[in-house]
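K.L.:
model this:
(3 chains)
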Amino acid sequence: MRGIVHTLALILAGQLAQAVEIEDRAEFGDPEAGRVLSVLSTTDAVVFSPLVEAFLAGRPDLRVTYTVASSQDVYDAVLSREGGFDLVISSAMDLQMKLANDGFASAHVSPATQALPQWARWRDHLFAIAQEPVVVIVSTRGLAGLPEPHTRSDLVNLLRDNPERFSGKVGTYDPAVSGSGYLFATQDARQSDSYWRLAEVMGTLSPRLYGTSGAMISDIQTGRLILAYNVLGSYAQALLEPGGDGRVIELEDFTHVLLRTALIDRDGDEPELAGEFLDYLLSDEGQTLIETRAGLPRINEQALRAGPHLRPIRLDPGLLVYVDPLKRQRFLNEWAAAVTRR
Amino acid sequence: MRFLLIEDNADLARSVQTRLSLDGHGVDWAASLSQAEDHLATAGYDLILLDIMLPDGDGRDFLSAHRRARRDTPVIVMTARSAVTDRVALLDTGADDYVTKPFDFSELEARVRAVLRRRAGSAQTLQSFADLTFDPLGAKISVGSQSRELRSRELRLLEVLLSAPERIFSKGQLCDRLFSATEAVTDNAIEVYVGRLRRKLEGSRARIETVRGVGYRLTQT
Amino acid sequence: MSHGAQIGGSIRRRLVLQLLVVAAILSGLLYFTVRSVADQAVEATQDSILGSAAIAIAEELRGGDEALVIDIPYAAFSMLGAVGEDRVFYRILADDRTETGYADLPLPQRPLSGLSAIYYSASYDDADLRLAAVERSVLVAGANVRVVVVVGQTRTAKQAIVGRMANRAAALGLGFFAIAAALAVLTARSVLAPLANLAEAVGRRGPQDLRPVTRPVPLELVPFVAALNGFIGRLGVALSRTETFIAEAAHHIRTPLATVRAQAEIALRQAGDDRIRATLRSVIRAVDDSARSAGQLLDHATVVYRSDQRADEDIDLGALVEAVLRSFAPTAELKDIALTADRPEQPVKVWGDRLLIESALRNLVDNAIKYSPPDTEVTVELREAKLRAILRVLDRGRGLAGMDASGLTGRFKRGANVEDVIGSGLGLTIVREVARAQRGTFKISQRKGGGTCAELSIPLR
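P.N.:
I've put the predicted structure just below:
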């Protein structure tokens, strides 16, 4: 593909005149092209590049700027209303929901959006482009001799009964740092009381806290961790070596399904282009590419029916509750009290 | 013949009375229905001439009462109404016939004769002169066993002559009796009927004699 | 339908129109009522959910020694997503200071009190909101803190539901209107049925039927029928008065005429002078002339009237001919005219107005006698031929003298050869009118061997 330029390095805010910390930035298409679609995303550029390239095929007048940032930075960038981005893709459903609810998204109605299941969109503003189970990863080697847990109760018992084995070898997201981690923790807490028992048991084992799924997966592979809780399954499938040590477990009491969502920034310059790209992502071709090339499971109601333990996190105003700063603070305090014993 | 004339108009009544008496009839006049009842109670009549509109009632009511009382004196109604509807109604009420005012006396006479002829038997009035017997209702004369029919004008001519035998009637007088006042005829027209009647009288002793320059008279040989 | 009435609108149309207007108004009312009830019901539903959400938040407020604890339950907002995908806003204030939520969310205008929520509408961030607010007092560090919880939601879902309800209401209204319209037409027909029946009953009446209408009618028609009966009564009185008047007039004119004629005849009998006799004759002719004209005018009027209002019945023409000839016999006899009938033995039946046909026949016979010389024959011939009855009056009079038959039957037309005979010229007109009224024909022609043949033909029964 011509004209793919990776701008690695951390580019500080000055360039885009916004206080957003940019992790990565990729340019697709002819640099001379007249129209620019600017995408702001929490998903790595590598993951998305096949989709962007496929979208650009046959559109010589168009180029795409793909900016990667953390979910909180993505949220803040939209909230600043300084513009510059047209399509905003994030795995932080609660923040995306907050943006849509508070009127930062433009409505978009097309056959592609209408075809989405009800649970995969909110109004005509927020659309799910992929569904990702939130899983447990264990190291088979590290677990040697112990049964694989299938429910949270199993997990609590396993950890409680083998403190010497798991001490310092359990990892999970730090919700104070990771938007996704916060979302998973709050949804767990909301869903089941057993989460707090689990948190307390983990708290006794000096857990390692992470900012990304990738870090947890690589620590499983290196043997630094035996068990990682709340890892994005798609990353695990992509990163774990086939026949390797790591095993992915979908807990059977319930396994949350994260919806990676997209919205069109109301303050963007190219809302139509954003809509076109969104429609492409939702199209059969786009969805197939998402699944095969990006490694993210496509929106698939059939798969949800086949797995009764799978529970997509609902796109509803309930998500707003944990975005509330007071609520967030209370939750983080409570979580810290349980897990980090501070 | 004797008539009862029931008519409230005095002028007309007097005229009719006079006119009929000229022909030798007797006429009693009643100006109202009550007077008529008085007359009928005291005398017999050959015929009643009845007006419809009378001061003390309707002639038609009198007529139906007359018929209900089974009095068989024939009635001829003198009506001022000429509409077809009225004519039918009158005959239904029991009138023998009617004349419409103003009426021709010859016609009245003809109708009287027709009515009386229909009721023959109630008033058989035969007249005779010389060897001649005259039946005015049957319109016949007979001499001995031989009888002859008379036509209307022959009969009326004979009637006039018989009313005053030996008296000379002028042609004009005879014309007045034979023809309607409105018929345009010359006096000489009478000669035809005199000739016809003479032939019917042949074989009888009665004969019609011409009085030259004056008229005719009935005489016997 | 032929009628002499002028049409000034239609009661049925007016009735239908008014009923339709009423139906339209009712349909409109139905529509707006259902809409507003739906609107209120949906709003009440939304209010109760908003109120529940606000109360759920308020229930979780905690006091304590240090600070106010605000712990929004997940369900509080989640339930707001139950009805539809509406945007959610909230604001929590402690002693009028915004603790969390949307700091510029509008507050209720009314003072808050008690435990129940109050509801209000406001505009926020370009959207119409419905909001619920509750107030709670919380003890924080020994002090009473007044906390207000406001939860708001956009009204998209509500409007969608109300829109659907409005469509249903519109369909209901239209359906109601359609049914009402059909009923209106039926109602108008059934309401007007007694009127139609009455009209038919009155229309079926014969020309002489002037009895009052006695059939039962609906209350509303009573004034009409009363008026109609009054009119019929007056008409009856007027008619009999007119008849009486004509009779009186005829009497008062004809009686003096009769007197004049009688006295003229008397004078004629007594007069010797030819000139005086001629004068008297012309007086008598004049009297006869005017009396006859008056009679024929009356007959003509009667014929014309009866042609429109016929009282048809079965008539035996044979018997009719006999009756007419009998009444003319004396008149014919005066002129030694033989008046004879030539008719079949069996009855000849026609369907018609007896008086009309008799008038025609009388006029024909009267004419024949009048125009015939003495000692001739007048024959009335009655025949049946090809579904028609044919009446011929044959005389040996002076004939038509070349006049056109159709010309002779015109009103007041007289032959060129009749100055010496009394007549008004209306006789044949009467006959022609009768022929037309009886769907028959009339023709008059020169008779072979001299005289006239007048032929009236009428369809057989």
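K.L.:
Number of residues surrounding the closest residue to residue B:60 other than its chain neighbours?
P.N.:
Excluding the flanking residues, the one nearest residue B:60 by CB to CB, 6 or more residues apart in numbering or on different chains is residue B:93, at 5.1 Å. Every C-beta, even on glycine, is put in place using the N, C-alpha and C of the backbone. Counted with other CB atoms under 10 Å in any protein chain shown, residues neighbouring residue B:93 total 17.
K.L.:
Residue B:93 touches residue B:59, doesn't it?
P.N.:
No - the criterion here is CB atoms under 8 Å, and residue B:93 misses it with residue B:59 at 9.2 Å.
K.L.:
got the contact list for residue C:284?
P.N.:
Listed by CB atoms under 8 Å, 6 or more residues apart in numbering or on different chains, the contact set of residue C:284 reads B:181, B:182, C:261, C:264, C:265, C:268.
K.L.:
Give me the pLDDT value at residue C:119.
P.N.:
On pLDDT, residue C:119 comes in at 93.
K.L.:
May I have the phi/psi pair for the nearest residue to it once chain neighbours are set aside?
P.N.:
Of all residues not flanking residue C:119 in the chain, residue C:47 sits nearest, at 4.6 Å (CB to CB, 6+ apart). Phi and psi for residue C:47, reported as degrees, to the nearest 10, are phi -60, psi -50.
K.L.:
could you measure residue C:47 against chain B, distance?
P.N.:
Look at residue C:47 and chain B: by CB to the nearest CB, to the nearest Å, they are 91 Å apart.
K.L.:
Residue C:17 sits in which helix or strand?
P.N.:
helix C:11-59 (DSSP states H and E).
K.L.:
you'd agree residue A:221 is in a helix?
P.N.:
Yes - under the criterion used here (DSSP: H, G, I helix; E, B strand; the rest coil), residue A:221 sits inside a helix.
K.L.:
Just want the most central residue of chain B.
P.N.:
Nearest residue to the geometric centre of chain B (CA atoms, centre = their mean): residue B:109, 3.3 Å.
K.L.:
give me the number of residues near the residue of the stretch 101-250 of chain C at minimum distance from chain B?
P.N.:
Going by CB to the nearest CB, chain B is nearest to residue C:250 of the stretch 101-250 of chain C, at 4.5 Å. Look at residue C:250: counted by other CB under 10 Å, it has 23 neighbours.
K.L.:
how near is the closest residue to it other than its chain neighbours to residue B:59?
P.N.:
Spatially, and ignoring its direct neighbours in sequence, residue C:250 is nearest to residue B:80 (4.5 Å; CB to CB, 6+ apart). Residue B:80 is 11 Å from residue B:59, where distance means CB to CB, to the nearest Å.
K.L.:
Common neighbours of these two, please.
P.N.:
Counting by CB under 8 Å, 6+ apart, the residues touching both residue B:80 and residue B:59 are B:52, B:53.
K.L.:
Does stretch A:246-255 reach chain C?
P.N.:
No - counting by CB under 8 Å from any CB of the partner chain, chain C is not contacted by stretch A:246-255; separation bottoms out at 15.3 Å.
K.L.:
Show me the contact partners of stretch A:285-294.
P.N.:
By CB under 8 Å, 6+ apart, stretch A:285-294 touches A:43, A:47-48, A:50-51, A:54-55, A:129-130, A:280-281, A:296-299.
K.L.:
Next, give me the two most distant ones among those.
P.N.:
Farthest-apart pair in the contacts of stretch A:285-294 is A:55 and A:297; separation 19.8 Å (CB to CB).
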